[in-house]
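>>> need a 3D model of the sequence below.
(chains A and B)
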Amino acid sequence: MIFAFCKRNFLNILRDRVSLCFLILMPLIFILIFGSAFSETKEPKFKIGIVDKNNTFFSKSFVEFLKNFPPNSPLFEIQEGKEKFFQDQIKKGKILGYIVLSENFDKERSKIIFVYNEAKGHLVFEIQALLKEAFLAFLGKSSPVKVVSHGIKSSEWNYLSFLTPGMIVYGLMILIPVVGGFIARDRESFFIKRLKTTPLKSSYYILGYFFPFFFVSLIQIIIYLLSASLIGIKFQGDLFLLFLVFLIVGICSLNFGLIVGSLSKNSTQAQAISWIFIVPLAMISGAWFPVDQMKSIFIFLAKIFPFFWACSAGRNVAILGVGLEDIFNEILILISWSFLSLILGFTFFKKFLLGKESQ
Amino acid sequence: MRMEIISIKNLSKSFGKVKAIDNLSLKIFEGEIFSLLGPNGAGKTTLVNILSGILKADTGEVKILGKSIKKIDEIKKSIGVSPQETVLSEKLTAWENVYFWGGIYGMKKKEIKKRGEVLFEKFSLKERANDLVATFSGGMKRRLNIILSLLHDPQVLFLDEPTLGLDPQSRRVIWDLIEELKKEKKTVLLTTHYMEEANYLADRVGIIDKGKIIALDSPEKLKEKFLKEGILSLKVKEKQKEIAFKLLKERFSAVKMFKDVIKIYKKIPLKEVIDFLYEKNIEVIFISQKEVSLEDVFLKLTGRSLRD
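So this is what the prediction gives:
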């Protein structure tokens, strides 16, 4: 019985080309478009480190100046420390980069070295310009100053590497309107009511929707990861761990789809509700741009949902190559969300779809 | 004595303030084609939905094959439902739809194939069985809808408006198929608002209005019981309509007016009516005496047309 149900739904999914294109192609197009055309517009608060090798009154004054630059709304969040510590911090994604003030900084007074996280390379130009502006303001002269930047090249990744995990999460979020619309369409067509006249148990209905879409999410992830590899993106961490992160968030999306499908009166409504939900959520969850550039209220809101944690964990594994122990919290939150959404999805499905009576 | 297949006692169902089924009682017997005839919103679909387990009744008792509807899970394999709306998956082929629904009823693949072949042949869909349902005409979809309800060979069949929206030719094909079910001794509950459908197919007809069965018998007996004298319909000039109605009612008593048509439920020679109106200076535009139909029975009982 359950096999027949799963097969019917899976065939329906495969033959719904519009939804399939949405699921597979749209995120890929987004990766390419955003990868080349992304620009940051939010007011930033840059987390950077300073390695003061000069250790003179001059260098210390510059550090203090930088901490309060520009005077009314400082843009840098500065931490002082050793080079090795900051390199590690970069790898963990905790800071954007660090400044090195050389031994001759007080004598030369013309050069700052900036070492940055290449995964966030799109911010380098902005930070470089700000550092140069601050340095000139500190020196109070118009003589040429230089900010020499070095990206940490521990691997072969670029901005596209940063964008890809977010886009994959976004692609999986598209399961919400697809699943929601699919269920709502079945209800519109009397299909669910007709099922009630058969010996099929009600719990099988839900599984009949769950399993084919679970399988679709597996295929989605495989296609995304393969496509990313084909266009030259190299993932640093364990591919299985990356797969796991995406799979859990895929399950969350599927469950959200069950909720949307149960609450919607028709497929149009299901689509509308889903898109209203996922577009802003993808934005604030960091699917399209780094969240550390957003206002804290948005970050707070984003942290409520699993997609933020999936983007964060996905990037840490894909770009920084971290292991399970480093993203344990993210995984825990994602698993909790998958269970919570599963319970909510099943409850709503049963209550609204199977229990609702109409003339 | 005929075996009772469906037994309904004092059944009621409301949706908010709307009483869809109002204290309805009914018995349907083995091998019978029973037609529920009534306009849209009369309660036909609600009754079918209760009998097939989609809806729960507020009060009353229903037994199918001697088992209470409260234990619907025990009955489900013995009933087949063909709802008003098609339940087909348009992106699947007819065969894939058949395999799906057969699987839902726990049938084995071989069994589904065998039964599917027989039904496709009988319903003239064999040639199109491997085509996507999306390419089917309305009539073909209706036929496939009925095939799906017959797959597991149920003893009782609920056909809710099986010919709704079909052209006369397609309707006729489905009528022939329903007639065949009778030969197989299936018990069929057929809802319709086409009086000719009920007249042609049903052994007995229950005329339903506002959730109540207002008349129940074979089509012939219903016509005989309610309109044995025949009907005479006439139209007069618009401005003389009221006075003509008043005069005819005084003279023949069993007279009703529906929009611009006056109907006399009595066997009277045409000439007598024409002469009577001529004497009163009323100009007759149209007059006819016709064979009575179930539509006329419904009209007489409710004062409304089946299509209102």
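
>>> tell me the pLDDT of A:Gln271.
For A:Gln271, the pLDDT comes out at 86.

>>> sorry, wrong one. I was asking about A:Glu103.
89.

>>> tell me how far stretch A:162-182 lies from the chain's centre.
The chain centre lies 11 Å from the centre of stretch A:162-182; the measure is CA atoms, centre = their mean, to the nearest Å.

>>> for chain B, longest helix please?
Assignment by DSSP state H gives helix B:168-183 as the longest helix of chain B.

>>> and the contacts of that helix?
Applying CB atoms under 8 Å, 6 or more residues apart in numbering or on different chains, the contact partners of helix B:168-183 are B:31, B:33, B:122-124, B:137-139, B:142-143, B:146, B:150, B:157, B:159, B:162-163, B:166, B:188, B:190, B:194, B:197, B:200-201. C-betas here are computed from N, CA, C, even on glycine.

>>> now with 10 Å, please.
For helix B:168-183, contacts defined as CB atoms under 10 Å, 6 or more residues apart in numbering or on different chains pick out B:31-33, B:35, B:80, B:119, B:122-124, B:137-140, B:142-143, B:145-147, B:150, B:157, B:159, B:162-166, B:186-188, B:190, B:194, B:196-197, B:200-203.

>>> against chain B, how distant is A:Leu14?
Distance, A:Leu14 to chain B, using CB to the nearest CB, to the nearest Å: 8 Å.

>>> so what's that residue up against?
Residues in contact with A:Leu14 (CB under 10 Å, 6+ apart) are A:20, A:212, A:216, A:219, B:91.

>>> which of those fall in strands?
For the contacts of A:Leu14, not one is inside strands, with DSSP state E as the criterion.

>>> adding distance to B:Lys267, write those residues out as TSV.
Putting the contacts of A:Leu14 into TSV (distance: CB to CB, whole Å) gives the following:
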residue	distance to B:Lys267
A:Leu20	69
A:Pro212	66
A:Val216	71
A:Ile219	75
B:Lys91	58
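
>>> among those, which pair sits farthest apart?
Maximum pairwise distance among the contacts of A:Leu14 (CB to CB): 17.9 Å, between A:Ile219 and B:Lys91.

>>> ok, these two, which is more surrounded?
Counted by other CB atoms under 10 Å in any protein chain shown, A:Ile219 and B:Lys91 do not tie: B:Lys91 has more neighbours, with 17 against 14.

>>> ok, now how distant is the more buried one from A:Pro70?
Note on B:Lys91: its distance to A:Pro70, by CB to CB, to the nearest Å, is 60 Å.

>>> run through the residues that contact the residue of chain A found nearest chain B.
Relative to chain B, the nearest point of chain A is A:Ala4 (2.3 Å; CB to the nearest CB). A:Ala4 makes contact with A:200, A:204, A:208, B:99-107, B:109, B:112, according to CB under 10 Å, 6+ apart.

>>> closest one to A:Ala302 out of these, please.
A:Gly208 (32.8 Å).

>>> element containing the closest one?
If you go by DSSP states H and E, A:Gly208 is part of helix A:202-230.

>>> starting at the chain centroid, how far to the helix or strand that comes right after that helix?
The element immediately downstream of helix A:202-230 (helix or strand, assigned by DSSP H and E) is helix A:239-263. Offset of helix A:239-263 from its chain centre (CA atoms, centre = their mean): 14 Å.

>>> and helix A:239-263, is it in reach of chain B?
No - contact of helix A:239-263 with chain B (CB under 10 Å from any CB of the partner chain) is absent, the minimum separation being 16.2 Å.

>>> what helices and strands are in contact with the helix or strand following that helix?
Going down the chain from helix A:239-263, the next helix or strand is helix A:267-284, by DSSP H and E. Here helix A:267-284 touches helix A:159-173, helix A:175-188, helix A:239-263, helix A:296-304, helix A:306-318, going by 3 or more CB pairs under 10 Å, 6 or more residues apart in numbering or on different chains; DSSP states H and E.

>>> so, low pLDDT: which residues of the stretch 101-250 of chain A?
For the stretch 101-250 of chain A, applying pLDDT under 70 flags the ranges A:119-122, A:141-145, A:151-159.

>>> quick one: the strands in chain B?
For chain B, the strands defined by DSSP E occupy B:4-15, B:18-29, B:33-37, B:59-64, B:67-68, B:79-82, B:156-160, B:187-192, B:204-209, B:212-217, B:231-236, B:255-258, B:261-264, B:284-290.

>>> quick one: which of these is nearest A:Trp309?
strand B:4-15 (44.4 Å).

>>> show me what the closest one is packed up against.
strand B:18-29, helix B:44-51, strand B:59-64, strand B:156-160, strand B:187-192.

>>> what is the burial count for the nearest residue to A:Ile112 once chain neighbours are set aside?
Nearest non-adjacent residue to A:Ile112, counting by CB to CB, 6 or more residues apart in numbering or on different chains: A:Val147, 5.0 Å away. Using other CB under 10 Å, A:Val147 has 19 neighbouring residues.

>>> surely A:Val147 and A:Ala129 touch.
Yes - at 8.4 Å, A:Val147 counts as touching A:Ala129 under the criterion of CB atoms under 10 Å.

>>> so who does the residue of the stretch 101-250 of chain B found nearest chain A touch?
Using CB to the nearest CB, the single residue of the stretch 101-250 of chain B nearest to chain A is B:Gly103, 2.3 Å away. Shown in contact with B:Gly103 (CB under 10 Å, 6+ apart): A:1-8, A:200, B:109, B:112, B:151.

>>> can you tell me how far it is from A:Cys6?
10 Å.

>>> again, but for B:Asp58
For B:Asp58, the distance to A:Cys6 (CB to CB) stands at 36 Å.

>>> again with B:Ile147
B:Ile147 is 22 Å from A:Cys6, by CB to CB.

>>> the more surrounded of those two?
More neighbours surround B:Ile147 than the other of B:Ile147 and A:Cys6, with 25 against 21 (other CB under 10 Å).

>>> which residue, other than its chain neighbours, is closest to that one?
Excluding its sequence neighbours, the residue lying closest to B:Ile147 (CB to CB, 6+ apart) is B:Leu119, at 4.6 Å.

>>> the one you found reaches B:Leu150, doesn't it?
Yes - here B:Leu119 reaches B:Leu150: they are 6.0 Å apart, a contact under CB under 10 Å.

>>> and for residue 82, the neighbour number?
Let's take chain A. Neighbour count of A:Lys82, defined by other CB under 10 Å: 12.

>>> wrong one, I was asking about chain B
Counted with other CB under 10 Å, residues neighbouring B:Ser82 total 26.

>>> give the contact list for it.
A:194, B:48, B:52, B:142-150, B:157-162, B:188, B:190.

>>> how does it look with 8 Å?
Counting by CB under 8 Å, 6+ apart, the residues that B:Ser82 touches are B:145-146, B:148-149, B:157-160, B:162.

>>> those residues into JSON lines, with extra columns for distance to A:Phe289 and neighbour count?
Listed next are the contacts of B:Ser82 as JSON lines, based on distance: CB to CB, whole Å; neighbours: other CB atoms under 10 Å in any protein chain shown:
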{"residue": "B:Asn145", "distance to A:Phe289": "51", "neighbour count": "24"}
{"residue": "B:Ile146", "distance to A:Phe289": "56", "neighbour count": "20"}
{"residue": "B:Leu148", "distance to A:Phe289": "51", "neighbour count": "26"}
{"residue": "B:Ser149", "distance to A:Phe289": "54", "neighbour count": "23"}
{"residue": "B:Leu157", "distance to A:Phe289": "60", "neighbour count": "22"}
{"residue": "B:Phe158", "distance to A:Phe289": "57", "neighbour count": "25"}
{"residue": "B:Leu159", "distance to A:Phe289": "58", "neighbour count": "27"}
{"residue": "B:Asp160", "distance to A:Phe289": "54", "neighbour count": "24"}
{"residue": "B:Pro162", "distance to A:Phe289": "57", "neighbour count": "27"}
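
>>> this completes my enquiry, with thanks.
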